[in-house]
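Chemist: Would you be able to build a 3D model of this:
(2 chains)
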Amino acid sequence: MDWAQLWTIVSAPDNVPIVAMLFLVPFFMWMGLRQARANDRLAEQLEGDPTLAKTHHRKTWPWKPHWSRELHVWPYLLRIEFLAVLIVTVILFVWSITLNAPLEEPANPNLTMNPSKAPWYFLGLQEMLVYFDPWIAGVVMPSLMLVGLMAFPYVDSNPLGVGYYTWKQRKVAIGAFLWGFIMWIALIFIGTFIRGPGWVWFWPGQTWDHNVQLYEINRDLPDIFGITSQPWKGIFGLLVVGAFYLIAGLAIHIVVTWSKFEKKIFERTTLLQYSVFQFFAITVLVSMPVKLLIRQLFRIKYVMVTPWFNI
Amino acid sequence: MADTTQSEQLEKRAPDTPELDPIADRSMSGALLISSLLLVVTLIWSLYDEVVGQRPWRSYQRDFVSKYGEYLETAKEQQGKSEAEIKSSPEYQELNQAYEEAAAAAKAKTDPIDEQGKRLDDKITAVTAPFTDARSWIVAKTYQLEVTESESAKSSLRAAIERKKQEKIDFTMPNDEGKEEKKSLTFPELETHYNSLRDEKARLGAERVQITQPRDAAQKKRDEYMQDHLGGLTAEQVAGLQRKVEDFKFEIKQINVGGVVIDRCESCHLGVREPIKLTKKNMGWTDGEDPAEDAAAAAFVSHPNKELLKTHDPDRFGCSTCHGGNGRGTTSVEKGHGRYKHWLWPMYYKENVEAGCNQCHNRDRVLQGADLLNRGKNLFQVRGCAGCHRYEAFDREADALSNARQSIKTLELERTDRGREYEQTKAEAGAASTKEEDVPKLLKKLDAIRQMISQVDARVDEFDLQAKYLMQDVKKIGPNLKEIKAKLRKDWIPVWLSDPQAFRPGTKMPTFRLEDDEIKAVSAFLWQSALEVKLPSQPQGDAAHGKELFKTLGCLGCHSINGQAIDMGNQVIGGDFAANLSRVGEKANYDYIVRWVHNPRQRLAPYSPTLKRDLTPADYKKKNLPFVFDDDHSKSPVDGRELQIQNMTVMPNFRLSDQDAHDIATFLTMQKRPGVEYRNASFLDDASLKSRGEQLVRRYGCAACHEIKGMEDEQRIGTELTLEGSKPIERLDFALLQEPAMRGEDPITGADLNREGREGWYDHKGFFENKLRSPGIYDRGKVKSADERLRMPNIYLPESDVTALTTFLLGSVETNLPQSMRYNPSGGKKSVQDGWWVVQKYNCMGCHNVLVGQDSILMGLPMYQSADGKEQLPPRLTSEGARVNPDWLLRFLKDPSQATPAERASLAQAVSGHAQAGGDDWTASLALHAQPGANRNGVRRYLKARMPTFNFSPNELQALVNFFMGASSQAQPYIPERLDPLAADEQGMARALFSSNAAPCLKCHMTGDPAHDARATAPNFLLAPERLKPAWTRRWLLDPQLISPGTSMPSDLFKRDQAHDRWVFNGPTPPAFQTYEKDHVDLLVRYMFQISLEEQKRLGTGGGAPSAAPAPASAGNKTASIDRKTRRLSSRGPIAAIRALPGKSD
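Modeler: Numbering: from 1, shown residues only, chains lettered A, B, ... in the order given. This is a model prediction of the structure:
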């Protein structure tokens, strides 16, 4: 194990945010879920006790005598936010005093640095380039993610779980989001800690050797089946991709209609809403890890090869 | 109870213990207070960081001010003491008194003037206000007048201005007694009055300067005396520095050179340009006790080379220009010195500091003051680095040659095209279909094409001639391997290849990392590709005479040999420019050495670059030509192109007689260890090894240094190094050593480099040093086949040479400095810059003293240490350009034997004689050719060391002549000065001087009489008119010691005659001189430049000048010893010495 190298990577000023995220993401997830669990319990209680439901006035706190029914934003919310502002300001001050942003050497058009990495928040995108062709990874996927994030509120037909933490009432929405978010963090993690010179996969602790030599041959899926010429490669790929959409859609359908509650929500959903949801869920949430896995496990580069783009 | 919920229970309990609201009832003031305090603390911290943390130079400046102030205090005391001493000296007292008297005299006159001036000032002050007030009013109105459009407005403005000018202006002004007086003047009157007052003031000022002049002159004289005798600053100047320190401004000290170079180095290095010399000791050096103090002390010293700063003013060049580093960085030492990852130009380490010179002086072959850099450049050339590694300016002839050949090819293509065009046009003109009126146009075009073809031909000829010259100049570091069959012992070759250093320590032949079978293959290939000739066997010579010649001819200027061989101790002796000959007898054949020593440039066969093969007698026979090739027969009989007719060696031709060549060769073949036998190497004839050998020879680039058959046009195999110093570090291949090196470990020993305080690996310096020490080092740990290994051979450099080469490579950078900062000389300086390449190429400095302060190799040899030995040293060339006529110098360098036309004619005959004898076989090329001006020097025939013939091409001749002229700041072209012919009486007087006993010129100078010349120690006067410059000759006669210290030419021959402002002979003169009013030196110079052979003979035969005292020749064979005595005494006045000699009559 090359601890010195690992420490160099972990302690690089550039990597402070992603290192912090390794701790912050689980922490806040835990916090949110804890709250959600408490609320879910309360909901259960209220459902079983109509009298309590009547007197209960705050969504998350059970009612107590002498408590006012409502609390105002000022000062009760804003003072907490102000405290947060103070703490974050202190952190930013200390951070900027102690860790200088290094001004690097002038760019040399004849010499690309190796590894040449995007800023940490773009490393997920950069890592995606390994799995998709640049047009898909750089343009199509990010656009779909943004559009999908905008579209999801409109395909949501669940009236419950708005304005408070809950898990039981929004399993699908929270699960889908966490799935996507953790995947994103994972890609950034890979880009930061795993990818060394030549964008080669180094396990944490392995030396990032500039002289590393690898034997890795990536094939297109049609090649494995002996299909080497167009348009058959494209057609074959299209069939496979189509099959993937069918299977993935089915799987998602099974998941989102798993319980009675979900079935009820599903019934409230229109066909347009549902198909939009399915499209984004398959294209963004499922295809990404599937592609990552077949690339890493089976060394498959593209599934569908056309003269214009590859998937 | 099953239906009792938890909240009901709570409800019931509530009145007893009212629970607090977790949101509304919780106070956050504690948290807010703490956070606010934290915020305040971080704010303070950030301010502190901004003001102190990011500005470490502030503490340096405070430190400097206190230490410098302290030092100045002591310096002032010390200087004050020595100043007081000087002040008490009578000379100073005298000067001071003169000053005081002058000051008193001046004061008497200046006082009334000052009084007058004061009154005048008051008047001017009084007038100025009303005058400028009126003037501004008028100027403003005039402007309005200029810009106003309407005529009526214009005329009213004009009238207003006129009125204003007529208006009386009232003001008060002091009169001469100082009383206020009322005055009333119009504007024009006021203006006149104002101007007259100012003129008066200017007149007074000029008068005052006139009066104080003697006082200022006396003061200057006194202060200069102080300055000259004090050494350093006066107490007053030190006090000035103290005041400067007291008013020290704490700020970033920045040099901004046109925005290109911005250096803030002096923000910490505050002592660099202080006028007082600051050493570490002055600035609180604790000698290792307190590292922080020591670091500060080292940072505050003055620049160690103030002279350098005078020519490279920091205000014009900055600091980082030469030293490297990040001149803008002020936040830490590391940042400022640029020793961090993101700064590409780190400061040079102290031992490599001269690398900084090369950025601007990259075209200088020799840069005065940068000895290490020069050494690096020398090594780069002499060790043959330039053979494999292209470096702009090195190996320029080979580059120019390939350009010339390329141009010839292009022109030939053009010629073919033109020919075709000509034929087509001709056909068109003659065709029946062509219209009548077009025919004249076509004929005109034909004419034009013909002329163009002839122009192309002329250009081809010119390039061909250039190619000839360049082929003459192009040199390879190693010997010609086409001739090894004639030259070498067969069995010796594999022994040599396996370890050249073992056979000849310090040789430039590097050791290739070859396996035994590879050595066999290489030897076999070389042996089998050599020319198949049998040299005629030469008779043995006299080794003792050969040894004498070897010692005295000047061989040791380039070659070294074991001292025992020439009876000079046990050390290796001689120059390291060429091979160490201690064991040459073990490797080479006698017949070949004779040939080589006789004329090293003589090839066995000429090489045709166009046919790409060596020509043979058969080629010549086809054209019915004899097998003769030399400077005059350099065209190929096959295609008429220029041939390579010389060996590509820098070793010159010593014009030895055949007998001398035999003697030296006999001596050299005796240089071997007794009884050495090498293993039989019959495999050299094994044809099956040849192709493997050829592969290896190509792979390892042997042709970079050697001529090898079939590889004359081999490309360089190494990487180009012109800009190696600015190659990104990522491009330097550290291979497997990179990771540990980047971590700061020594990849070989595993030691932690950072902890030892030196980083020696992952930077350019580390890469170069380690590569030079062990060129195969970056193969460590790699699994490679023999054909993939690094090719650079081991060169076995001593550590100092590694530093020199590293310095040179570190300085080989791409510069972004403006042209104005770089050294691009013109005129004479450019000639010097270009000439150094030739001077160094042929190692002129092995025998001659070219630079003031430089010692030649010969000057260090034991036999040249005695007074007699010193006379045998080759002449100093430090003022050669001023001494000789450039036309003569060119002729001399072309043929140092100064052969007469008759000698040259007989030489030509000898060549054609060889041709007759040679016929169509090899004889003509194998025979020893007759030598031009055999066996003698051209000018100084009394010298045993010989100026050899270098076969310079006209290009190099011109470069050398220009070099010497430029080095002595001589204008080009040189137009000889006309000397007045001697009048009849002057002739007699000059003759008397020339042959007087006090200065018997012909005693030492050659006359052409062999018996006399054997004892002579100076050149013949007959050469003077075409060789020397009269102005130099005059200076030489006045004081030869000034020009050539240690010369046997006596000084003090003339003395100054103040009355007539001339120089007169410093000895007894005949009566004719009583009435002669002109300068005696001029007379003698004119005589020397007009002396004829008859005149010289007349003097030399002992007749002497009739009017002079008996000629010294009568002293007979005592002369020589007298001469020597004279010379030895020359230091205490030669005239006195001559007078003291026996047989002297006045």
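Chemist: Excluding chain neighbours, what is closest to the residue minimising distance to the centre of chain A?
Modeler: Nearest to the geometric centre of chain A sits A:Phe181, at 2.2 Å (CA atoms, centre = their mean). Distances taken as CB to CB, 6 or more residues apart in numbering or on different chains place A:Val25 nearest to A:Phe181, at 7.9 Å, with adjacent residues excluded. To be clear about C-beta, it is placed using only N, CA and C from the backbone, and glycine gets the same treatment.
Chemist: Surely that neighbour is in contact with A:Trp184?
Modeler: No. At 10.2 Å, A:Val25 does not count as touching A:Trp184 under the criterion of CB atoms under 8 Å.
Chemist: rewinding a little: remind me which helix or strand the residue nearest to the centre of chain A belongs to.
Modeler: helix A:171-189 (DSSP states H and E).
Chemist: CA atoms only for that helix - export them in CSV, please.
Modeler: Listed next in CSV are the C-alpha coordinates belonging to helix A:171-189 (Å, rounded to 0.1, in the frame of the first residue of the first chain):
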residue,chain,number,x,y,z
LYS,A,171,-40.5,5.4,-1.0
VAL,A,172,-40.3,5.5,-4.8
ALA,A,173,-39.4,9.2,-5.0
ILE,A,174,-36.8,9.2,-2.2
GLY,A,175,-35.4,5.8,-3.4
ALA,A,176,-35.0,7.1,-7.0
PHE,A,177,-33.4,10.3,-5.8
LEU,A,178,-31.0,8.6,-3.5
TRP,A,179,-30.1,6.1,-6.1
GLY,A,180,-29.3,8.8,-8.6
PHE,A,181,-27.5,11.0,-6.0
ILE,A,182,-25.3,8.3,-4.6
MET,A,183,-24.5,7.2,-8.1
TRP,A,184,-23.3,10.7,-8.9
ILE,A,185,-21.2,10.9,-5.7
ALA,A,186,-19.8,7.5,-6.6
LEU,A,187,-18.7,8.7,-10.0
ILE,A,188,-17.0,11.7,-8.5
PHE,A,189,-15.3,9.5,-6.0
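Chemist: So which elements touch it?
Modeler: Packing partners of helix A:171-189 (3 or more CB pairs under 8 Å, 6 or more residues apart in numbering or on different chains; DSSP states H and E): helix A:16-48, helix A:123-128, helix A:260-268.
Chemist: would TSV of the ones you listed with mean pLDDT and mean neighbour count be doable?
Modeler: Shown next, in TSV, are the helices and strands packed on helix A:171-189 (pLDDT from 0 to 100; neighbours: other CB atoms under 10 Å in any protein chain shown):
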stretch	mean pLDDT	mean neighbour count
helix A:16-48	90	14
helix A:123-128	92	21
helix A:260-268	91	13
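Chemist: What is the neighbour count of residue 258?
Modeler: Because you didn't say which chain, this covers chain A. A:Trp258 has 12 neighbours, counted by other CB atoms under 10 Å in any protein chain shown.
Chemist: hmm, I had chain B in mind actually
Modeler: Neighbour count of B:Gly258, defined by other CB under 10 Å: 11.
Chemist: can you tell if stretch B:44-59 touches chain A?
Modeler: Yes. Judged by CB under 8 Å from any CB of the partner chain, stretch B:44-59 comes into contact with chain A through B:Trp45, B:Ser46, B:Asp49, B:Gly53.
Chemist: What subset of these is buried?
Modeler: B:Asp49 (16 or more other CB atoms under 10 Å in any protein chain shown).
Chemist: With pLDDT added, can I get the residues of stretch B:44-59 next to chain A in a markdown table?
Modeler: Output for those, formatted as a markdown table (pLDDT from 0 to 100):
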| residue | pLDDT |
| --- | --- |
| B:Trp45 | 96 |
| B:Ser46 | 94 |
| B:Asp49 | 92 |
| B:Gly53 | 88 |
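Chemist: Wait, a strand at B:Lys182?
Modeler: Yes. Assigned with DSSP: H, G, I helix; E, B strand; the rest coil, B:Lys182 falls within a strand.
Chemist: so which strand or helix has the closest residue to it other than its chain neighbours?
Modeler: Of all residues not flanking B:Lys182 in the chain, B:Thr172 sits nearest, at 5.5 Å (CB to CB, 6+ apart). B:Thr172 is part of strand B:168-174, with elements assigned from DSSP H and E.
Chemist: May I have that strand as CSV, with CA atoms only?
Modeler: The C-alpha trace of strand B:168-174 is given here as CSV (Å, rounded to 0.1, in the frame of the first residue of the first chain):
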residue,chain,number,x,y,z
LYS,B,168,-2.5,100.5,-16.5
ILE,B,169,-1.8,97.9,-13.9
ASP,B,170,-1.0,99.0,-10.4
PHE,B,171,1.3,97.1,-8.1
THR,B,172,4.0,97.7,-5.5
MET,B,173,7.6,96.6,-5.9
PRO,B,174,10.7,97.0,-3.6
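Chemist: element containing the most far-flung residue of chain A relative to its centre, please.
Modeler: In chain A, A:His66 marks the outermost C-alpha relative to the chain mean, sitting 43.9 Å out by CA atoms, centre = their mean. Using DSSP H and E, A:His66 sits in no helix or strand.
Chemist: per-residue confidence at it?
Modeler: Per-residue pLDDT puts A:His66 at 74.
Chemist: A:Phe122 too?
Modeler: 92.
Chemist: Show the residue spans covered by the strands in the chain.
Modeler: Going with chain A. Per DSSP state E, chain A carries no strands over any range.
Chemist: wait, I meant chain B there
Modeler: Under DSSP E, chain B gives strands at B:168-174, B:180-186, B:255-257, B:261-263, B:560-562, B:572-574, B:602-608, B:613-614, B:644-646, B:1054-1057, B:1062-1065.
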